[in-house]
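Colleague: Following is a predicted model, sequence given first.
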Amino acid sequence: MNRLAPPAAIALLTWCASPLLATGLPASTTDTFCADVQKILADTEVEGVLTVYPDIAPYRKSKLTARPLTNSQLVTLDDRGEPKMISCKVKAADHIRDEYGDDKAGEQRPCRDITLLIQANVASKLEPVDPALAATVRAYVIEPDEPFNTGRAYLTSFPLTFRGDDGKLHIHTQSLQIDWTDYTWILMPYTLRGQTYCHLIAPEHMEALARGEAQPDDPADYPDSLR
């Protein structure tokens, strides 16, 4: 899907205007970024312990718990040494509700909602200084979130951004969603259930793309991508 249908566009405008989104996520990459992602995606105020990993190997092996609530974060850099992608492992909303009570988390949101928030934040930052750049960012196509259901698929290299046949820049949100109450996974180990994993474009990289300081990925460079 290369553009939002009218009802989805209306929903997007409502979503981006919400106070939570205006204040709930940092405008740049921080060491607590995924902790904020946890709060937004699960609609929770339960405080967790976030571990920031230096590279993919320990992040790949990291496992989460609901009590204590734990999260994992990894920042991938671009060729300039600037943040390109933020990878978050957070707990699913239904697991938090099961562990702490029904009033401690809301409905699960998809990872793509965070990408939409990043887009809104970057555009808002640019608007006062360069409205044309802000319009460029708002024109980016945020691809539908199609969650994978295995860690291997989630960790497969993929083009975070690409130039579509429509000439527009498209942004992927690679993710994994395994709900605690999904009985498909009921016999799997505790650590494999109740998880939300996201690969998210870093705000700095989205802005750099608009400024021409970074270039979209070439899908041909990712022959093993599952997308």
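Modeller: Yep, that arrived.
Colleague: What's the local residue count around residue 113?
Modeller: Residue 113 has 20 neighbouring residues, counting by other CB atoms under 10 Å. For glycine as for every other residue, the C-beta is placed from the backbone atoms N, C-alpha and C.
Colleague: ok, now the one 3 residues further on?
Modeller: For residue 116, the tally of surrounding residues (other CB under 10 Å) stands at 18.
Colleague: so what secondary structure elements neighbour the helix or strand where it lies?
Modeller: Assigned by DSSP states H and E, residue 116 belongs to helix 112-126. If you count contacts as 3 or more CB pairs under 8 Å, 6 or more residues apart in numbering; DSSP states H and E, helix 112-126 packs onto helix 6-16, helix 33-42, helix 131-138, strand 141-142, strand 195-201, helix 203-211.
Colleague: chain center to the last one, what's the gap?
Modeller: For helix 203-211, the distance between its averaged C-alpha position and the chain's averaged C-alpha position is 16 Å (CA atoms, centre = their mean, to the nearest Å).
Colleague: what comes into contact with it?
Modeller: With CB atoms under 8 Å, 6 or more residues apart in numbering as the test, helix 203-211 has contacts from 26-29, 78, 80, 82-85, 118-119, 121-122, 125-126, 133, 136-137, 140, 160-161, 169, 171, 214-216.
Colleague: Filter those residues down to the buried ones.
Modeller: Buried members of the contacts of helix 203-211, counted by 16 or more other CB atoms under 10 Å: 29, 78, 82-85, 118-119, 121-122, 125-126, 133, 136-137, 140, 160-161, 169, 171, 214.
Colleague: hang on, residue 113 packs against residue 40?
Modeller: Yes. The pair residue 113 / residue 40 is scored as a contact, 7.4 Å apart, by CB atoms under 8 Å.
Colleague: which one in this protein is furthest away from the centre?
Modeller: Most distant residue from the mean C-alpha position of the chain: residue 187, 27.7 Å away (CA atoms, centre = their mean).
Colleague: Using just helix, strand and coil, how would you label that residue?
Modeller: Under DSSP: H, G, I helix; E, B strand; the rest coil, residue 187 falls in the coil class.
Colleague: which residues does the spatially most central residue of the chain contact?
Modeller: In the chain, the residue lying closest to the centroid (CA atoms, centre = their mean) is residue 200, at 3.7 Å. Contacts for residue 200 were tallied using CB under 8 Å, 6+ apart; they are 37, 85, 86, 87, 88, 111, 114, 115, 118, 173.
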